[in-house]
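Asks: Curious how this folds, go ahead:
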Amino acid sequence: MPRTRSAALPGTGPVHPTSGALGALRPAPVTIGAGFWHTRREVNARTSLPQGPDLLESAGNLHNLRLAAGAAEGEFQGAYPFLDTDVYKWLEAAAWRLAEEPVGGLAAEVDRIIALVAAAQQPDGYLNTWFQLRKNGERYQDLRWGHELYCAGHLIQAAVAHHRTTGRPELLDVARRFADHVDSVFGAPGSGKPLDGIDGHPEIETALVELYRETGERRYLDLAGYFVDRHGHGLLGGEAYCQDRVPLREAATVEGHAVRQLYLLAAAADLASETADAELRSATERLWRAMVATKTHLTGGLGAHHDEEDFGDPYELPNERAYCETCAAIASVQWSWRMALLTGGAHYSDLIERTLYNGFLAGVSLDGESWLYVNPLQVRDGHTDPGGDQSARRTRWFRCACCPPNVMRLLASLEHYLASTDAGGLQIHQYVTGEYRADLAGAPVAVRAETDYPWHGTIALTVEETPGTPWTLSLRVPQWCEAFRVHDGERTYDGTDAPVEDGWLRLERTWAPGDRVILELALDARLTAADPRVDAVRGCAAIERGPLVYCLEQADHPGGGLDDIVLDTSRPPAVKQRPDLLGGVTTVLAAGHRRDLPSDGSWWPYRPASGHDAPSAGDPVELTAIPYYAWANREDGAMRVWLPTS
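Replies: I've put the predicted structure just below:
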């Protein structure tokens, strides 16, 4: 029977598999109480989110909704057909925030904007201000670029979040009417539906799965499956850009527009879980491996090309021209989390960690007031800024403002991506100070964690609630970690004898309240080289420490640009605590030198491959590397992650 929950579900996040889903794991609620991510989320809650309505007002998004509702006069504002989604993503972010703290002013803004969205909806459920106002009510005539279903997807996700956190039906009713309208229009040949088509930007697919999970309406799940499987059949001209060149089940690697590809794959993982589709699961595992092995930047960033925001060829991973859209990092986290739940694999959460701390977090400034749409790995001194959304300088807002509210919603819901549970115990995927909870056959489990991660590698865990039967506490040992030690109250293990399996350190016993586990991860600074097939960084190294990728910024190296700096790999890097810098960071100090120009006065920059007459090493210089997520928070200047080595 269809169901609509009438009360909020505490701890229920953006991904909530049904009881019949066949995934290996289920999300477990976490409360983040202090530390690194608590600070970043507080900036999001106190600064970024409250500014949302004013920014949406100044950009015209709310004005357009008022026009569609007949509550204002004037012209449509903005250049894109998907501006409604900025409103929906902000609503979703605000809903997750209200679940933690029912702030009166924020709640009032949410209610006001929901009422505006509902008033703009047409009687048959359709809602898209661009087509209602700019296209004389035409519908589904431009599926490649129109983004009508993309907008519907973000509306549905906002509605599900609002219903899960408040129990109120207002926005969910709007979303269901739109979903019902879409279901009446789209279907495969022979279905009796008037249109066989897909949106050029996948998004509605994941939303429909979650709407099914929230309401129990199987037709939403079936509609999601229809859309996923119709990609790759030439309905949009057969272009890889919009995921229409090859069916997902047959694809060998990721391609086309990065965000579109990843949103589609997130939906495929959801469908594999809910329908036990082994072929779809195999495809998602195959494509994830291909992406990580050949098309992922060190920061977790994805997307090589500015022209179409798309993946490049295998190992085509440029530095200056890396696109690495912030939304692609968010989509990567969403897909990898679904893969972790589907399969139980720790490596998916390894990528989530790398992406969260680097490729994602760089997208928002430390003060929460400006943003990066693209996240290159190198910016030269005197960089010619292309301007607009492709700027390598932080910007207050964008013409295409998909990234800022997307960042807001991931930060606001981050606690739902940190832990999971199964019949045998609790799995901790990401380390924060706070409380991890699970339910084992009706018996509560609660584990409190204290840590200063990622600056320090000690995680202290205390069991606070536990059944009187054995269960397994599983701790992810990060892929980057070369040495660790754990004490579980009974004995101490190191990396040579600890019970680690496929990235999980599994501790099984009958626990008692007060039992403690101390995990110590070695956080030595390290130098990293890339596969030699990555042409852009051959002969270079990057600096990392723990989950953090580091970079050099011009602000720390006055007296010249960064292009002539060479990293000395013969001297191990050191670390230095800098509470005075960038909100408090640990820097890495490395040795290097500045290359001199050739002494013969040659004007030609190329030399014999033997190294004869190559530029010589100049004066030694101490290099100060800062976490990549914190770059572009001081004055404009050069930045680079990968450094030539001596």
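
Asks: Touching, Arg634 and Glu553? I think so.
Replies: Yes: look at Arg634 against Glu553 with CB atoms under 8 Å: they come within range, at 7.1 Å. Glycine gets a C-beta too; all of them are placed from N, C-alpha and C.

Asks: Closest to the centroid, which residue in the protein?
Replies: Centroid check for the chain by CA atoms, centre = their mean gives Ile330 as the closest residue, at 2.1 Å.

Asks: isn't there a helix covering that residue?
Replies: Yes: checked against DSSP: H, G, I helix; E, B strand; the rest coil, Ile330 lies within a helix.

Asks: Quick check: it touching Asn406?
Replies: Yes: the pair Ile330 and Asn406 passes the contact test of CB under 8 Å, sitting 5.1 Å apart.

Asks: Who has more neighbours out of Arg634 and Glu553?
Replies: Between Arg634 and Glu553, counted using other CB atoms under 10 Å, the more crowded position is Glu553 (23 against 15).

Asks: Could you measure from that one over to Trp371?
Replies: 18 Å (CB to CB, to the nearest Å).

Asks: ok, now His63?
Replies: 22 Å.

Asks: mind listing what the nearest residue to Asn319 once chain neighbours are set aside touches?
Replies: Distance criterion CB to CB, 6 or more residues apart in numbering; nearest residue to Asn319, sequence neighbours excluded, is Gln378 at 3.9 Å. Taking CB atoms under 8 Å, 6 or more residues apart in numbering, we find Gln378 in contact with 319-320, 322, 639-642.

Asks: between those, which is closest to Leu195?
Replies: Nearest to Leu195, judged by CB to CB, of these is Ala322 at 37.9 Å.

Asks: mind checking pLDDT for the closest one?
Replies: Looking at Ala322, its pLDDT reads 94.

Asks: and it, backbone torsions?
Replies: Phi and psi for Ala322, reported as degrees, to the nearest 10, are phi -60, psi 130.

Asks: Let me know how buried the residue nearest to it when sequence neighbours are not counted is, in neighbour terms.
Replies: Once flanking residues are discounted, Ala322 sits nearest to Pro376: 4.8 Å by CB to CB, 6+ apart. By other CB under 10 Å, 26 other residues sit near Pro376.

Asks: do the one 5 residues further on as well
Replies: Taking other CB under 10 Å as the neighbour definition, Asp381 ends up with a count of 13.

Asks: For Gly479, which non-adjacent residue is spatially closest?
Replies: Actually, residue 479 is Gln. It isn't Gly. That would be Asp350: by CB to CB, 6+ apart, it lies 4.2 Å from Gln479.

Asks: Doesn't that neighbour belong to a strand?
Replies: No: under three-state DSSP, Asp350 sits outside any strand and is assigned helix.

Asks: got the contact list for it?
Replies: 476, 478-480, 503.

Asks: Most neighbours out of those residues, which is it?
Replies: Arg476 (24 neighbours).

Asks: what bridges to that residue?
Replies: Trp504 (DSSP bridges).

Asks: Kindly export stretch 584-591 (C-alpha atoms) in PDB.
Replies: Output of stretch 584-591 as PDB, limited to C-alpha atoms (Å, rounded to 0.1, in the frame of the first residue of the first chain):
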ATOM      1  CA  GLY A 584      44.400  27.100  12.200                       C
ATOM      2  CA  VAL A 585      46.100  24.500  10.000                       C
ATOM      3  CA  THR A 586      49.000  22.200  10.000                       C
ATOM      4  CA  THR A 587      51.500  23.200   7.300                       C
ATOM      5  CA  VAL A 588      54.100  21.000   5.700                       C
ATOM      6  CA  LEU A 589      57.600  22.300   5.300                       C
ATOM      7  CA  ALA A 590      59.700  20.900   2.400                       C
ATOM      8  CA  ALA A 591      63.000  21.700   0.800                       C
END
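
Asks: right, and Asp494 touches Glu482 too?
Replies: No: at 11.5 Å, Asp494 does not count as touching Glu482 under the criterion of CB under 8 Å.

Asks: Count the neighbours of Tyr88 for me.
Replies: The number of residues packed near Tyr88 is 27, by other CB under 10 Å.

Asks: still on that earlier bit, can I get the contacts of Asp350 in TSV with distance to Ile543?
Replies: As requested, the contacts of Asp350 are exported to TSV (distance: CB to CB, whole Å):
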residue	distance to Ile543
Arg476	23
Pro478	17
Gln479	17
Trp480	13
Gly503	24
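
Asks: Disregarding residues adjacent in the polypeptide, which is nearest to Thr458?
Replies: Spatial nearest neighbour of Thr458, excluding adjacent residues (CB to CB, 6+ apart): Glu520 at 5.2 Å.

Asks: Do you know the pLDDT at that neighbour?
Replies: Model confidence at Glu520, given as pLDDT, is 98.

Asks: wait, is it part of a helix?
Replies: No: Glu520 is assigned strand when assessed by three-state DSSP, not a helix.

Asks: That one: what's it in contact with?
Replies: Taking CB under 8 Å, 6+ apart, one finds 457-459, 484-486 in contact with Glu520.

Asks: Same question for Leu377.
Replies: Contacts of Leu377 (CB under 8 Å, 6+ apart): 297-299, 301, 319-320, 322, 324, 551, 640-642.

Asks: Derive a PyMOL selection command for the buried subset of those residues.
Replies: Here is the PyMOL selection string for the buried members of the contacts of Leu377, based on 16 or more other CB atoms under 10 Å:
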select buried, resi 297+298+299+301+319+322+324+551+640+641+642
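
Asks: Show me what Thr472 is bridged to.
Replies: Gly425, Glu508.

Asks: let's number from 488 now, not from 1
Replies: With the count now opening at 488, the last piece we talked about shows up as Thr959.

Asks: what's near enough to touch it?
Replies: With contacts defined as CB under 8 Å, 6+ apart, Thr959 is in contact with 911-913, 993-995.

Asks: what about 6 Å?
Replies: Counting by CB atoms under 6 Å, 6 or more residues apart in numbering, Thr959 touches 911-912, 993, 995.

Asks: May I ask you to confirm that Arg972 belongs to a strand?
Replies: Yes: assessed by three-state DSSP, Arg972 belongs to a strand.

Asks: where does this protein have low pLDDT?
Replies: Counting by pLDDT under 70, the chain contains low-confidence residues at 488-498, 869-877, 1084-1089, 1097-1104.

Asks: let's see 50
Replies: 488-495, 1100 (pLDDT under 50).

Asks: Look up how far Leu512 lies from the residue nearest to the centre of the chain.
Replies: Counting by CB to CB, the gap from Ile817 to Leu512 is 21 Å.

Asks: Please report the number of neighbouring residues for the closest residue to Leu723 other than its chain neighbours.
Replies: Residue nearest to Leu723 in three dimensions, not counting chain neighbours: Asp731, with 4.4 Å by CB to CB, 6+ apart. Neighbourhood size, Asp731 [other CB under 10 Å]: 22.

Asks: Which parts of the stretch 488-637 of the chain are helices?
Replies: 523-530, 536-545, 548-555, 571-587, 591-607, 616-620, 635-653 (DSSP state H, counting those that start in this stretch).

Asks: Looks like Gly688 contacts Gln748 (just checking).
Replies: One correction, residue 688 is His, not Gly. No: judged on CB atoms under 6 Å, His688 makes no contact with Gln748 at a distance of 10.6 Å.

Asks: between these two, which one's more packed in?
Replies: Gln748 (30 against 25).

Asks: Next one: the nearest residue to His720 once chain neighbours are set aside relative to Leu722, how far apart?
Replies: In space, and not counting its chain neighbours, His720 is closest to Pro734: 6.6 Å by CB to CB, 6+ apart. Taking CB to CB as the measure, Pro734 falls 11 Å from Leu722.

Asks: Compare these two and say which one has the larger neighbour count.
Replies: Higher neighbour count among Pro734 and Leu722: Leu722, with 18 against 15, using other CB under 10 Å.
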